[in-house]
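got a sequence here, can you build the structure:
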Amino acid sequence: MPFMISITTPSVTTREGFLFYYPIYEPVWLQNSYTLGGYFWIFFYAWLIQNNLNSDFGGTFYKFMNDCSMWAYVSHYMWIVLINHFIVRKYNLTFLSAGPLSLFGTMFLIPASYVLLMKVKDLISPPKSKKERVE
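Residues are numbered from 1 along each chain as shown. This next block holds a predicted model:
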């Protein structure tokens, strides 16, 4: 895999164009490498996702990860702001300690708050049994 990455992703520092310059690389071999590499990685990831991600791996875990990912999308910034406001700024932490605290604190608080949110939802509106869902 590292070999495929190295030949399909040109990483040179000479004779390259600017952001709005086309083609972005002046030598033809770099243009070909960049274009073919783009097609290769799009095809590779499409194939990988089609074969590996379109199935149910485990009912409970799969549902938790899918539902929790939407909650993470909606709530992650709130947790980052709360951690930084109430812990990082209050204790005047350096970046070296605040960065991991913010990252791992957010990664912990998202699923924990999702589980709590689902428990509250089940208290308010109990889940239906299989018989009730069919009818």
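
scan the chain for its longest helix.
With residue count as the measure and DSSP state H as the assignment, the chain has helix 95-124 as its longest helix.

show me what that helix is packed up against.
With contacts defined as 3 or more C-beta pairs under 8 Å, 6 or more residues apart in numbering; DSSP states H and E, helix 95-124 has these neighbours: helix 59-83. C-beta: built from backbone N, CA, C; applies to glycine.

any idea how far the helix it packs on is from the chain center?
Helix 59-83 has its C-alpha centroid displaced from the chain centroid by 11 Å (C-alpha atoms, centre = their mean, to the nearest Å).

now that helix against helix 95-124, angle please.
Orientation note: helix 59-83 sits at an angle of 130 degrees relative to helix 95-124 (axes from the mean of the first three to the mean of the last three C-alpha atoms, to 10 degrees).

what's in contact with helix 59-83?
The set of residues that contact helix 59-83 without belonging to it, under C-beta atoms under 8 Å, 6 or more residues apart in numbering, is 56, 101-102, 105-106, 109-111, 113-114, 117-118.

report the buried residues of that helix.
Using 16 or more other C-beta atoms under 10 Å as the burial criterion, the residues of helix 59-83 that qualify are 68, 71-72, 75, 79-80, 83.

domain parsing of this structure, as residue ranges.
Taking automatic domain parsing as the criterion, the chain consists of the domains 2-52, 59-134.

circling back: may I ask which two of the contacts of helix 59-83 are separated the most?
In these, the most distant members under the criterion C-beta to C-beta are Asp56 and Leu101, with 35.2 Å between them.
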